[in-house]
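Undergrad: Take this sequence and fold it.
(one chain, ligands or ions: 1)
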Amino acid sequence: MRAAIIGGTGVYGMQVDSRVERVSTPFGTVEVDLCRFGDKEIVFLARHGRKHSTPPHLINFRANMRALKELDVKYIYATGAVGSCNERFNPGEIVLLKDFIDFTKQRPVTFYDGKEGVIHASMADPYCKNLRELFWQEAQKEGLKVAGEAVYVCTEGPRFETAAEIKMYSRLGGDVVGMTNVPEVVLAKELGMCYAAVGIITNWCTGMGREVELEEIMAAVESNKTNLTNLFVKILLHAELAQNNCQCSKALMKL
Ligand code: HPA
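TA: Numbering: from 1, shown residues only. So this is what the prediction gives:
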């Protein structure tokens, strides 16, 4: 069994001893880092590629998640840059994702296209309850401030949203907006893996105040990324990880 970290915008690797592994899947080949921590390994995957060369709507999510499965990964923490459409959550802060609303339009969203029968994945707990709880506990111990739990709205991108769209997302119950967490979280569930994600708030969403500035996005990620990945590593290496108290490995229903 292995654990993995998926790095979003600005999080492209970890400063530790590592080797590159290429994993071939039916959806394409994926390059990951196998990062060494004593006698253990954590898989690191840069969602947009190491040089941020893949835009959100073209990420090969199925290849990425299948590659992690091939590497026997069961537990995943991910980061993602997000804008805030909730006055309570400010740029520069981090939030733990607790649910999502899907506004993507044209991505392959499942591994189950009918060949194995009709399969539905439960989204009662899209983000693993155990991994979320462990993250809260450890963040508190380490003094890492987490602004709260957030509902993530996933847009198709690559464009940013209009002010009218943001008003709608906010009224529907969204707190933060990003372009990549769906279908990643869904595919993890389809593969029976525990998955949790942290949003790094890089900007106010369109119409919430100021325009999105690239420098701001990168500064917010820079100031959070090392603390965050260190915390993920600490949990993944030292916590008692088990799938007994969550439904992540039993979320599929076959009709
Ligand atoms: N919208 C969508 N995705 C994002 C944003 C945003 O405002 N900021 C960072 N990723």
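Undergrad: Show me which residues of stretch 24-34 are buried.
TA: 25, 27, 30, 32-34 (16 or more other CB atoms under 10 Å). For glycine as for every other residue, the C-beta is placed from the backbone atoms N, C-alpha and C.
Undergrad: Show the average pLDDT along that stretch.
TA: Here stretch 24-34 scores 97 as its mean pLDDT.
Undergrad: follow-up on the earlier one: need the buried residues of stretch 24-34 in a markdown table with secondary structure and distance to Gln243, can you?
TA: Output for the buried residues of stretch 24-34, formatted as a markdown table (DSSP: H, G, I helix; E, B strand; the rest coil; distance: CB to CB, whole Å):
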| residue | secondary structure | distance to Gln243 |
| --- | --- | --- |
| Thr25 | strand | 23 |
| Phe27 | coil | 25 |
| Val30 | strand | 24 |
| Val32 | strand | 22 |
| Asp33 | strand | 25 |
| Leu34 | strand | 23 |
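Undergrad: Tell me the one among the residues you listed nearest to Val118.
TA: Using CB to CB, Phe27 comes nearest to Val118 of these, at 20.8 Å.
Undergrad: How about that closest one: what's its closest non-neighbour residue?
TA: Ala63 (3.8 Å; CB to CB, 6 or more residues apart in numbering).
Undergrad: Now do the helices for this structure: every range, in order, please.
TA: Along the chain, the stretches classed as helices by DSSP state H are 61-70, 129-142, 163-171, 181-190, 214-238.
Undergrad: okay if I get the ones you listed as JSON lines plus distance to the ligand and mean pLDDT?
TA: Formatted as JSON lines, the helices of the chain follow (distance: least, CB to the nearest ligand atom, whole Å; pLDDT from 0 to 100):
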{"stretch": "helix 61-70", "distance to the ligand": "16", "mean pLDDT": "98"}
{"stretch": "helix 129-142", "distance to the ligand": "20", "mean pLDDT": "96"}
{"stretch": "helix 163-171", "distance to the ligand": "8", "mean pLDDT": "98"}
{"stretch": "helix 181-190", "distance to the ligand": "10", "mean pLDDT": "98"}
{"stretch": "helix 214-238", "distance to the ligand": "6", "mean pLDDT": "88"}
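Undergrad: what's the neighbour count on Thr110?
TA: Per other CB atoms under 10 Å, the neighbour tally for Thr110 reads 15.
Undergrad: thinking it is in contact with Pro183, fair?
TA: Yes: look at Thr110 against Pro183 with CB atoms under 8 Å: they come within range, at 7.3 Å.
Undergrad: OK, now which residue of the stretch 1-150 of the chain is nearest to the ligand?
TA: Per CB to the nearest ligand atom, Gly83 is where the stretch 1-150 of the chain lies closest to the ligand, at 2.3 Å.
Undergrad: so what's the residue nearest the centre of the chain up against?
TA: The centroid of the chain falls nearest to Ala78 when counting by CA atoms, centre = their mean (3.6 Å). Residues counted as contacts of Ala78 (CB atoms under 8 Å, 6 or more residues apart in numbering) are 5-8, 47, 181, 184, 195-198.
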